[in-house]
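A.B. asks: model this:
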Amino acid sequence: MSRLAAVLPIALLVLGIGVLPGAAPACACGEPQGFVVARGESLYGVPWLIKASPPRTDSLERRWVEFHFDMLPPAFFGVGYFKGMGFPIPEGFLFSIGSGSDLDPYPERELSGLTSRRVATLTVKMNDGPPMTFRPLLAPRPLRQRFPWLGRLRVFYWFFPSDLEPQLLTARDSGGRVLARRKSDRGSFFAFAH
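C.D. replies: Take a look at the predicted model:
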């Protein structure tokens, strides 16, 4: 996937076209306000962080929250995006996941996004090799206590070699029960339970 394809979901959000029910109005203005809910490093040690913003009300009296997914140097300048979601968190939300490439000078790609707390593991079947499994993260306990709505979600940045391409994603609960399976839609996966 080219950098343009990786940036397309960002452009759609900036234009106010949301991918989640009750999607937030978007603004690509200034430094994102909020608090860090997760941080880590890519396969090659490039630091990343995920910030959440407390619920806000827009000019039409809609409430929403934002999550900012950012990579830091030596990632290329301006690498990152955000997801907006209606607030309170929609009951049927299961996950919203996107993929990106050409993020830094190293041969790696990423999947990142939000899941419901019910999602304990995500398994990704790639175009080559065995499936890979990883666990989305809960926000730190003090933040979940301060902002109880954060306890309903998990977040992640997950990196893999750039010669692989995600084909099929399976979300499972803590008991191993399949919650959803989705084929990749140009590197993105979306699911809402009924």
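A.B. asks: give the contact list for Glu61.
C.D. replies: The contact partners of Glu61, taken as CB atoms under 8 Å, 6 or more residues apart in numbering, number zero. For the C-beta atoms, the positions are set from N, CA and C on the backbone; glycine is no exception.
A.B. asks: List the contacts of Gly113.
C.D. replies: Residues near Gly113 by CB under 8 Å, 6+ apart: 69, 83, 95-98, 155-156, 189.
A.B. asks: now Phe93, nearest residue through space, not along the chain?
C.D. replies: In space, not counting the residues next to it along the chain, Phe93 is nearest to Ser116; the distance is 5.7 Å by CB to CB, 6 or more residues apart in numbering.
A.B. asks: what are the bridge partners for that neighbour, then?
C.D. replies: Going by DSSP bridges, Ser116 is paired in beta bridges with Leu153.
A.B. asks: shouldn't it be in contact with Gly151?
C.D. replies: No - counting by CB atoms under 8 Å, Gly151 is not a contact partner of Ser116; they are 10.9 Å apart.
A.B. asks: mind checking pLDDT for the residue nearest to Phe93?
C.D. replies: The per-residue pLDDT reported for Ser116 equals 96.
A.B. asks: Many thanks, we can stop here.
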